[in-house]
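> here is a sequence with its predicted model. Questions after.
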There are 2 protein chains.
Amino acid sequence: MCGHCGCERPAAPRRLELQRGLLERNDHLALHNRKHFAEHGLLTVNVMSAPGSGKTALLEQLAKLWPQKPLGVIVGDQATDHDAQRLADAGARSIQIRTGALCHLEASLVDEAFRQLDHAGMNLLVIENVGNLVCPTAFDLGETLRVALLSVTEGEDKPLKYPGLFRSAHAVVINKLDLAQAAGFDRNLALANVQAITPAARVFETSARTGEGLEELMAWLQDELPR
Amino acid sequence: MCGHCGCERPAAPRRLELQRGLLERNDHLALHNRKHFAEHGLLTVNVMSAPGSGKTALLEQLAKLWPQKPLGVIVGDQATDHDAQRLADAGARSIQIRTGALCHLEASLVDEAFRQLDHAGMNLLVIENVGNLVCPTAFDLGETLRVALLSVTEGEDKPLKYPGLFRSAHAVVINKLDLAQAAGFDRNLALANVQAITPAARVFETSARTGEGLEELMAWLQDELPR
């Protein structure tokens, strides 16, 4: 009972139950997406990070460097189609999903976008999630791999503060290496924090600006391509 | 109908309806919080940004510089109590809320934390929201003012890509000015984007590292204190 207005504290909403229903529906459609992608011989990568970690800049470089085949990118943002435009300018085949109030991508949105994407001759499809270190975690999109980006300006503690997302990642990319010195980035501490949360994940250290580390990241993606 | 597994596309969940129920409950409790805070003579500020924009570093400086009275901070994070500890070390009275899977603070969580906070002699209470540029937008916490932080390393387009949150802010703080040159930050473009989304918001440009801009920010907060 609230001493000020006499109201009862509101009962806990049936949030868990609803959340479970949403996730079940999403998981079902993710399975469906995964079949589609496999049938088309695609490696699909769900890239997740905070806003402004440099996902798009890194993917622009990947689009320019990816050998022989076009890079496909499905991009989620709350508003604007800036990122899809930047990626198209870099040579990617890109589709923008405007998520509106939604804080993450869901399998249904990816399915709709994929139907509009010309994936002929493509072997790698990247799904650039909405910039958010919490909400994308629980939503399987049907991807093969999950990559979590962390830029050196965000602080070394982010894996500890957002453990769910980092733990779900097959690889962690530490990005914006070119700013490490200016930001006073403590590399050993960041690596230890990644290791503490997700010891099995591959770790890459990159700079979209200088190109550092892109070769290693691309070699890993090549290795993971469907045979 | 899905051509692969024969399933119907899942029906749109009753998400809007549930969301409205959640928000109504939250709004009611936010009203209650707002009364509490006013009765205690507190200016309350809800600080929102992406993860790693420097909210805590800026509040550490504010805790050190805030004149005469202790600074109160309620901090939300998915995991860890690092930020509350950092703020306590800087002289603030801080309480950590661990939000678990939740991507934002809600009025009920702030109410619970506030009951544990020794607010005697305090005139400014900052609520440091979970690092997230989407989810905190819709949840009134009972605050007096909303401040959105944007660091220079995140890209000038963030107000356009996350318009809801920036539009709800009474002030926008452009932070990490000390990294502006290294990051190639385009100040005029960022200011134009803020102006396009939220023309009435006050804009401050700060660096927690050099102290630049803190005086102007503090003067504004002083002006906004309850009389």
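That came in fine, so what should we check first?

> please count neighbours and contacts with C-alpha atoms only from this point.
Fine.

> you'd agree residue A:87 is up against residue A:60?
Yes: assessed by CA atoms under 8 Å, residue A:87 is found in contact with residue A:60 at 5.5 Å.

> neighbour count winner among those two?
Shown here are residue A:87 and residue A:60; by other CA atoms under 10 Å in any protein chain shown, residue A:87 has more neighbours (27 against 22).

> next, the contact list for the more buried one, please.
A:56, A:59-60, A:63, A:73, A:93-94 (CA atoms under 8 Å, 6 or more residues apart in numbering or on different chains).

> just the ones of those in helices?
Judged by DSSP state H, helices contain the following of the contacts of residue A:87: A:56, A:59-60, A:63.

> name the member of those residues with the most neighbours.
Neighbour max across the ones in helices among the contacts of residue A:87 (other CA under 10 Å) = residue A:59, 24 neighbours.

> how much space separates that residue from chain B?
Noted for residue A:59: a distance of 15 Å to chain B, by CA to the nearest CA, to the nearest Å.

> assign a three-state SS to the closest residue to that residue other than its chain neighbours, would you?
Spatial nearest neighbour of residue A:59, excluding adjacent residues (CA to CA, 6 or more residues apart in numbering or on different chains): residue A:87 at 7.2 Å. Look at residue A:87: counting by DSSP: H, G, I helix; E, B strand; the rest coil, its state is helix.

> residue A:87 and residue A:93, how far apart?
Distance of residue A:87 to residue A:93, computed by CA to CA, to the nearest Å: 7 Å.

> which strands or helices does the longest helix along chain A pack on?
For chain A, the longest helix by residue count, based on DSSP H, is helix A:15-39. Counting contacts by 3 or more CA pairs under 8 Å, 6 or more residues apart in numbering or on different chains; DSSP states H and E, helix A:15-39 is packed against helix A:107-116.

> ok now the helix it packs on, how far from the chain's centre?
Centroid separation for helix A:107-116 versus its chain: 16 Å, with CA atoms, centre = their mean, to the nearest Å.

> my guess is residue A:47 contacts residue A:126, does it?
Yes: under the criterion of CA under 8 Å, residue A:47 makes contact with residue A:126 at 7.1 Å.

> for those two, indicate the residue with more neighbours.
Neighbour count, other CA under 10 Å: between residue A:47 and residue A:126, residue A:47 has more, with 26 against 22.

> state whether that one is indeed within a helix.
No: Residue A:47: not assigned to a helix; according to three-state DSSP it is strand.

> from residue A:148, how far out is it?
From residue A:47 over to residue A:148 (counting by CA to CA), the distance is 6 Å.

> for residue A:117, same thing?
24 Å.

> quick one: which of the two has more around it?
residue A:148 (24 against 14).

> what strand or helix carries that one?
Secondary structure from DSSP states H and E places residue A:148 in strand A:145-151.

> any idea of the mean pLDDT in the longest helix of chain A?
Averaged across helix A:15-39, the pLDDT comes to 86.

> just how off-centre is it within its chain?
On the basis of CA atoms, centre = their mean, helix A:15-39 sits 17 Å off its chain's mean C-alpha point.

> next, the buried residues of it.
Residues A:22-23, A:25-34, A:36-37 are the ones in helix A:15-39 that count as buried (16 or more other CA atoms under 10 Å in any protein chain shown).

> what does stretch A:40-60 give?
The neighbour-count check on stretch A:40-60 (16+ other CA under 10 Å) flags A:41-60 as buried.

> ends of it, how far apart?
23 Å.

> cool, and stretch A:197-217?
The first and last residues of stretch A:197-217 sit 21 Å apart, counting by CA to CA.

> who's in contact with that stretch?
Stretch A:197-217 has contacts (CA under 8 Å, 6+ apart) with A:54, A:57-58, A:61-62, A:159-160, A:163, A:166-178, A:195.

> so where do the strands sit in chain A?
Listed in chain order, the strands of chain A (DSSP state E) span A:43-48, A:71-77, A:93-98, A:124-128, A:145-151, A:171-175, A:202-205.

> only alpha carbons, please: show the shortest one as CSV.
It refers to strand A:202-205. Only the C-alpha atoms of strand A:202-205 are listed here, as CSV (Å, rounded to 0.1, in the frame of the first residue of the first chain):
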residue,chain,number,x,y,z
ARG,A,202,36.8,-15.9,-31.0
VAL,A,203,38.2,-12.4,-30.4
PHE,A,204,39.1,-10.0,-33.2
GLU,A,205,40.6,-6.6,-32.9
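
> quick one: mean pLDDT for that strand?
If you average the pLDDT over strand A:202-205, you get 98.

> what pairs with that strand, parallel or antiparallel?
Partners of strand A:202-205 in the sheet, by DSSP bridges, are strand A:171-175 (parallel).

> distance from the strand it pairs with to the middle of the chain?
With CA atoms, centre = their mean, you get 11 Å for strand A:171-175.

> ok now do the residue nearest to residue A:124 when sequence neighbours are not counted, which residues does it touch?
Of all residues not flanking residue A:124 in the chain, residue A:43 sits nearest, at 4.9 Å (CA to CA, 6+ apart). Contacts for residue A:43 were tallied using CA under 8 Å, 6+ apart; they are A:37, A:123-125, A:143-145, A:224-226.

> end to end, how far does stretch A:108-122 reach?
In stretch A:108-122, first residue to last residue: 21 Å (CA to CA).

> in it, what counts as buried?
Across stretch A:108-122, burial judged by 16+ other CA under 10 Å covers A:108-111, A:113-114, A:119, A:122.

> got the residues you listed as JSON lines, with pLDDT and distance to chain B columns?
Shown next, in JSON lines, are the buried residues of stretch A:108-122 (pLDDT from 0 to 100; distance: CA to the nearest CA, whole Å):
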{"residue": "A:108", "pLDDT": "96", "distance to chain B": "8"}
{"residue": "A:109", "pLDDT": "97", "distance to chain B": "12"}
{"residue": "A:110", "pLDDT": "98", "distance to chain B": "13"}
{"residue": "A:111", "pLDDT": "97", "distance to chain B": "10"}
{"residue": "A:113", "pLDDT": "97", "distance to chain B": "15"}
{"residue": "A:114", "pLDDT": "97", "distance to chain B": "14"}
{"residue": "A:119", "pLDDT": "96", "distance to chain B": "18"}
{"residue": "A:122", "pLDDT": "98", "distance to chain B": "21"}
